[in-house]
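Enquirer: Okay, predicted coordinates and the sequence, questions at the end:
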Amino acid sequence: MTKTKKALLAVLCTAFALMLAFLCVGLPHNVAHAAEAEEVKEAEIPLESENSEVEPMGLLTKISIVLRSENGVIKAVATNEFTLFPATISLHVFLYSSTELEENYKDMTEVAHNYIYDLDQFHALEAGYPINGEQRFWRGRVHFKMDDSEWQEILSDIVLFDANGNFIYDY
C-alpha cells in the first residue's frame, strides 16, 4: 500500500473507533427528563410477535423516554435514537399518574399504554392521557428488547405538571 492509502485507512479506523466510543458512552440528550436503561426486575410482558423466530442482528440500541405536555395531554414519548445494525426493537411505552408523589411507578395508576413490534431508528412511540384540569405527578416507563435479547426497562423522572399542563418540577 502507498503511504496515502495507509494514512487514509488509519484516519477512517480512528473515526470509526471514536464514533463507536461516543455511542457506547451515550448520545447527548437535548430534552430534559431523559433516563438511561436498566435491566428489568419484574415479570416479562408478553410480546405479540409477528415473527416467532427473530434472527439476532443488532449490536446496540439507544432508547430514550421523555414526558411532554401538549394541548392538554401529558405524553410519555419513547424514541429509538440509534440502532447499530438492523434489528427488531419491540417496545411498550407506559404512562403513570398520581395525585401524590410516589417513588415507585407501581404505586401510581397506569393511565396509558402503547406497543409496537418494531420501532425503527429515529422514530418514536407515545402514550398520552388528558390532564383533565388536575395538578398531578407523572412518570413514563419503556419496556423494550432488541431481537431475542432480554427485556430492558427505562424510567423517566417523576414530573409534576399543573392543571394547565405547565411543568412545575421534576423529582
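Expert: Nice, thanks for sending it over. Numbers count the residues shown, from 1 in each chain.

Enquirer: mind listing the strands for the protein?
Expert: 37-39, 60-70, 73-84, 89-98, 109-116, 124-130, 136-146, 152-155, 159-161, 167-170 (DSSP state E).

Enquirer: so what's the closest residue in space to Ile168 that isn't next to it in sequence bridging to?
Expert: Distances taken as C-beta to C-beta, 6 or more residues apart in numbering place Leu160 nearest to Ile168, at 4.3 Å, with adjacent residues excluded. Quick note: C-beta positions are derived from backbone N, CA and C, even for glycine. On the basis of DSSP bridges, Leu160 is bridged to Phe137, Tyr169.

Enquirer: give me every residue that touches Leu160.
Expert: By C-beta atoms under 8 Å, 6 or more residues apart in numbering, the contact list for Leu160 reads 101, 135-138, 167-171.

Enquirer: Please repeat the previous calculation with a cut-off of 7 Å.
Expert: 137, 168-169 (C-beta atoms under 7 Å, 6 or more residues apart in numbering).

Enquirer: now swap in Pro86 and tell me
Expert: By C-beta under 7 Å, 6+ apart, the residues touching Pro86 are 57-58.

Enquirer: I'd like the distance between it and Ala78.
Expert: 19 Å (C-beta to C-beta, to the nearest Å).

Enquirer: Beta-bridge partners for Val77, please?
Expert: Val66, Glu126.

Enquirer: How many neighbouring residues does it have?
Expert: 21 (other C-beta atoms under 10 Å).

Enquirer: and it, what pLDDT?
Expert: Looking at Val77, its pLDDT is 98.

Enquirer: residue contacts, it?
Expert: 65-66, 68, 124, 126.

Enquirer: now Val159
Expert: Going by C-beta under 7 Å, 6+ apart, the list of residues near Val159 reads 33, 67, 138, 167, 170.

Enquirer: Could you work out the end-to-end span of stretch 136-154 for me?
Expert: 21 Å (C-alpha to C-alpha, to the nearest Å).

Enquirer: should've said stretch 111-125
Expert: Note: stretch 111-125 ends 16 Å apart using C-alpha to C-alpha.

Enquirer: circling back to that earlier point, mind putting the contacts of Val159 into JSON lines with neighbour count and pLDDT?
Expert: Shown next, in JSON lines, are these (neighbours: other C-beta atoms under 10 Å; pLDDT from 0 to 100):
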{"residue": "His33", "neighbour count": "20", "pLDDT": "38"}
{"residue": "Leu67", "neighbour count": "23", "pLDDT": "98"}
{"residue": "Trp138", "neighbour count": "25", "pLDDT": "98"}
{"residue": "Phe167", "neighbour count": "14", "pLDDT": "96"}
{"residue": "Asp170", "neighbour count": "14", "pLDDT": "90"}
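
Enquirer: Alright, I will stop here.
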